[in-house]
Every structure is written in C-alpha cells, then in structure tokens.
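> I'd like to go over a predicted model; first the sequence, then the structure.
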Amino acid sequence: MPERIITRAALLLGLLLQAVPVLAAPQSVHAQYEVSLNATPVGVMQDVFEMRDGRYSIVSETHATGVLALVQRRPARVTSSGEVDRSGLRPLAFEATRGNSDARRVRADFDWTAHTLTLTHDGRSETAALPSGAQDRLSVMYQFLFLNADQVRDLKFAMTNGRKIDQYRYAIGPDTALETSMGRLAVIHLIKQRAPGDTATEIWLAREHAMLPVKMRIIEDDGSRYEQVIVKLDMPTAGQP
C-alpha cells in the first residue's frame, strides 16, 4: 500500500510539473503595435491571442496608415490555431491573406501524426517534412510565453511562413531596457544568427510581461528596416479572468 501511494504521488507530481508551462502562460493577450518602415509609421497591428481547453487561436490584423492606406485598403490578416501541450503551442493551421481573392494568400497545414507540412501558395500545394516543435511565423511570437529566460539563451526552432520551412537560431544579447509608450521595459534582446544574404532579425522580450515580444526589427538586404513596437497591452495575470 505505501508503495502504491508513493507511486501515485510521484505520478501526480509529474503531471503537475508537466503542466506548469501551460498554467503559467496568460490565457489571453490583446496587444497593439505601431509598424514603421525606415522610421516612418506605416501601420497599426492588432493581435488577439486566446487559449482555452487545450486549444489556442491567434488573429493578427495590420491596417495601413498614412499615404500607404490609400493603396492598401484591406488589412493584412494572419491567423494561427492549434493545440496547447506541456511544451507550448502546437500549430495545426496558419494563414496569411488580404482577402479571399488575394493571389498572395499563403496557408500551412500541420499533420503531426504523419509528420508532414502542407504549404499552399501561388495556386499550388506542396508537402514538406514537419520537424518536432515547428512553429509558424505568428505562433512563434506567442511560443515565448511558454519559455523562461534560460530557455532563450540559445534558441533553435523550425518555422514556416506558408511558403517554406526553415531552421532558425537566436542568440541572446546583453540585458537592456526599452523605452515604449507603456514606459520603460526590462527586456531580453534576441539576435538572429544568419548567413550572408539572410535578413537581419532582432526580437525584444518583456521580462515582466510573460516574455511577450514587445519589439521586432527586420532589416532586408536592400537596407529597408521594418519595426513593430508595442503601444498597448491587455494581458491578465495568472488567477485573473
């Protein structure tokens, strides 16, 4: 009898430990970012992340502002949905579009049983191998909610943008702080390790906001610099509705 009690207690403890990352992550996030090109504001991005009953959904819409709004009237809409396990987000479907008739629409469907990824773009579909722990370009931003500072010190993962899937590696930079409209934020600065010709990418994670990315910078080969910086955040802490 004592052995059975010990075994059951150990099993229960193991289950609780496995569940810690999921329980620690916020159940919802509503975030707004300012998007700029070469330091000129060009859009506003609205993100909504929801997690419930072992499932998640993310909707991100970017509305053009200023002169760009005259030529891009429809918002760019990116969605990701799937399951949540002890490792965090497990995407099942990803899509990026500006409407049903958008010729640039891309989609990725994840089959974790068959370990295959179906990519739909440019009017055709193709299948690729699906690596363990793979993310899409939207879910990866919220996968940080399930990680701690030690886990991002040398970060490696596979990610798809709906057209292809690549391996990414980020190294951590010096601790720093970031000035935002929300005030001064303590952040972890991640820098993409890249080969010549790759885009340069940097991500800033807010230590006091569940490791949510609060700034992202992408520099293209031609020098174009895209940035998104948080301006508003509604993220209930653990125990709040």
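Done, it's in. Since we're looking at a predicted model, the values are computed, not measured.
> ok, the residue nearest the centre of the chain - contacts?
In the chain, the C-alpha nearest the mean C-alpha coordinate belongs to residue 141, at 1.7 Å (Cα atoms, centre = their mean). Each residue near residue 141 by Cβ atoms under 8 Å, 6 or more residues apart in numbering is listed here: 213, 216. (C-beta placed from N, C-alpha, C; glycine too.)
> need phi/psi at it.
Taking degrees, to the nearest 10, you get phi -70, psi -30 for the backbone angles of residue 141.
> who is the nearest residue to residue 126 once chain neighbours are set aside paired with across the strands?
Distances taken as Cβ to Cβ, 6 or more residues apart in numbering place residue 119 nearest to residue 126, at 5.3 Å, with adjacent residues excluded. Under DSSP bridges, the beta-bridge partners of residue 119 are residue 108, residue 126.
> oh, and call the first residue 24 from now on, that's how I've got it
I'll keep to 24 as the first residue from here, and by that count the last item is residue 142.
> quick check: the gap between residue 142 and residue 201.
Plainly put, residue 142 is 34 Å away from residue 201 if you go by Cβ to Cβ, to the nearest Å.
> which one of these two has more residues nearby?
Neighbours per residue, other Cβ atoms under 10 Å: of residue 142 and residue 201, the larger number sits with residue 142, 21 against 18.
> wait, the more buried one sits on residue 129?
Yes - under the criterion of Cβ atoms under 8 Å, residue 142 makes contact with residue 129 at 7.5 Å.
> can you pull the residues that touch both of the two?
185, 186.
> what distance do you get for the residue nearest to the centre of the chain to residue 146?
Distance from residue 164 to residue 146, by Cβ to Cβ: 28 Å.
> now residue 212. Nearest residue, chain neighbours left out?
Per Cβ to Cβ, 6+ apart, closest to residue 212 is residue 196, 3.9 Å.
> quick one: pLDDT of residue 210?
Looking at residue 210, its pLDDT is 96.
> look at it and give its secondary structure.
strand (DSSP: H, G, I helix; E, B strand; the rest coil).
> what do you get for residue 168?
Taking three-state DSSP, the label given to residue 168 is helix.
> quick check: phi and psi at the closest residue to it other than its chain neighbours.
Of all residues not flanking residue 168 in the chain, residue 48 sits nearest, at 4.3 Å (Cβ to Cβ, 6+ apart). Dihedral angles of residue 48 (phi, psi; degrees, to the nearest 10) stand at phi -70, psi 150.
> how about residue 113, what does it touch?
105, 106, 107, 133, 135.
> out of these, who has the most neighbours?
Result: residue 133 is most packed of those (other Cβ under 10 Å), 24 neighbours.
> does that one belong to a helix, a strand or coil?
Put simply, residue 133 is strand when judged by three-state DSSP.
> quickly find the element holding residue 249.
Secondary structure from DSSP states H and E places residue 249 in strand 248-257.
> same question, residue 57
Per DSSP H and E: strand 51-60 holds residue 57.
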